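J.: Below is the sequence, then the predicted model.
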Amino acid sequence: MGFKEKINLDNLPNHIAVIMDGNGRWAAKQGESRVFGHEHGVNSVRETAEAAAELGIGYLTLYAFSTENWNRPKFEVDALMTLFVDTIQREIETLNKNNIRLNAIGDLKSLPGENYRKLMDTIDETRNNDRMVLTLAMSYSARWEITEAVRRIITDKENQQLNAEEITENFFSNYLNTNDMPDPELLIRTSGEKRISNFLLWQIAYAELYFTPILWPEFTKEDFYEAIVNYQSRERRFGLTSEQIKS
Ligand code: FPP
């Protein structure tokens, strides 16, 4: 029996976030360049998005490019930017056919102008789809997002008369890039690294963390199903005791 058959469809996470890691190491194992690894990583993006939509996951968020990734060699950054745009444009039809809405979070204005425009166009072309929201985190880091939220709270004209007590967790969440989505219940990271790397720090407060040694270009639907089965084996307590949860 495969992992898919073991999934309890009544207990699916509504939002899964993924740190796609290991493209460079996978490429090195083949004696190829890092860019070759990123190109193959696109297949895993497709597999994962397809698997998530088929299962009925509401939100899939992929960490595609961090704020820190801008410091990689220019050649690699340029290749990644081209790959993002080409892939997104190539997949518009599939996204629409499968009723998937594309979304992006991060400091999107820092993307090269052409990339930004094409990304916005694709987001616009898929805006009416409502089966699943596929969010790409691009030029994203959680500390940037949180700092930006604080700036916007202070500069927002509506807040000029605000009292400190009015700043609740809910109020603050509304200023994050993810204000229109639920928090992820499951965070997957590939490649064996056990770090969060500045991804969704606020939103993963209660997420289950799943680390797999599989390198991203080798990550398949079956690996995705395995992560969900593992998630479903855990008891989510949210600070309560096991006895409280069971009663
Ligand atoms: C991390 O692996 C991966 C990235 C920085 C880029 C992720 C991009 C893709 C999977 C390509 C396509 C994506 C979309 C959304 C179209 P790494 O380079 O850090 O690998 P390493 O740790 O082995 O060096």
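T.: Yep, it's here.
J.: what does this structure put close to the ligand?
T.: Contact residues (C-beta under 6 Å from any ligand atom) of the chain with the ligand: 20-25, 34, 38, 41-42, 45, 62, 64, 69, 80, 83-84, 87, 136, 191, 216. Glycine gets a C-beta too; all of them are placed from N, C-alpha and C.
J.: all strands for the chain, in order.
T.: According to DSSP state E, the chain carries its strands in the segments 15-19, 59-66, 100-105, 132-140, 186-189, 208-211.
J.: Export those strands as TSV, with columns for distance to Q30 and mean pLDDT.
T.: Compiled in TSV, the strands of the chain are given as follows (distance: least, C-beta to C-beta, whole Å; pLDDT from 0 to 100):
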stretch	distance to Q30	mean pLDDT
strand 15-19	22	98
strand 59-66	22	98
strand 100-105	30	98
strand 132-140	25	98
strand 186-189	22	98
strand 208-211	23	98
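J.: The lowest-mean-pLDDT helix or strand in the chain: how far from the chain's middle?
T.: Comparing every helix and strand of the chain by mean pLDDT, DSSP states H and E singles out helix 242-246 as the least confident one, with a mean of 84. Offset of helix 242-246 from its chain centre (C-alpha atoms, centre = their mean, to the nearest Å): 31 Å.
J.: likewise stretch 35-48?
T.: 15 Å.
J.: quick one, helices of the chain?
T.: Assigned by DSSP state H, the helices in the chain fall at 3-6, 23-29, 34-55, 74-97, 113-125, 142-155, 169-173, 221-232, 242-246.
J.: Can you lay out those helices as CSV showing mean neighbour count and distance to N103?
T.: Output for the helices of the chain, formatted as CSV (neighbours: other C-beta atoms under 10 Å; distance: least, C-beta to C-beta, whole Å):
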stretch, mean neighbour count, distance to N103
helix 3-6, 13, 26
helix 23-29, 19, 22
helix 34-55, 19, 12
helix 74-97, 15, 11
helix 113-125, 15, 6
helix 142-155, 14, 14
helix 169-173, 11, 16
helix 221-232, 19, 19
helix 242-246, 9, 32
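J.: mean pLDDT for those helices: which is lowest?
T.: Lowest mean pLDDT of these: helix 242-246, a mean of 84.
J.: Show me what that one is in contact with.
T.: With C-beta atoms under 8 Å, 6 or more residues apart in numbering as the test, helix 242-246 has contacts from E235, R236, R237.
J.: Any of these buried? List them.
T.: Among the contacts of helix 242-246, none is buried by neighbour count (16 or more other C-beta atoms under 10 Å).
J.: ok, so of those residues, who is nearest F199?
T.: Taking C-beta to C-beta as the measure, F199 sits nearest to R236 out of those, at 19.9 Å.
J.: follow-up on the earlier one: tabulate the strands of the chain (JSON lines), appending mean neighbour count.
T.: What follows is those, written out as JSON lines (neighbours: other C-beta atoms under 10 Å):
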{"stretch": "strand 15-19", "mean neighbour count": "25"}
{"stretch": "strand 59-66", "mean neighbour count": "23"}
{"stretch": "strand 100-105", "mean neighbour count": "21"}
{"stretch": "strand 132-140", "mean neighbour count": "24"}
{"stretch": "strand 186-189", "mean neighbour count": "25"}
{"stretch": "strand 208-211", "mean neighbour count": "17"}
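J.: Between the ones you listed, which one is closest to I153.
T.: In terms of C-beta to C-beta, the element of those nearest to I153 is strand 100-105, at 17.7 Å.
J.: Tell me the strands beside the closest one, with direction?
T.: strand 132-140 (parallel) (DSSP bridges).
J.: For the residue lying closest to N8 once chain neighbours are set aside, give its distance to Y225.
T.: The shortest distance from N8 to any non-neighbouring residue, by C-beta to C-beta, 6 or more residues apart in numbering, is to Q232 (5.5 Å). Distance, Q232 to Y225, by C-beta to C-beta, to the nearest Å: 11 Å.
J.: okay, and the common contacts of these two?
T.: Counting by C-beta under 8 Å, 6+ apart, the common neighbours of Q232 and Y225 are I7.
J.: Thanks a lot, catch you later.
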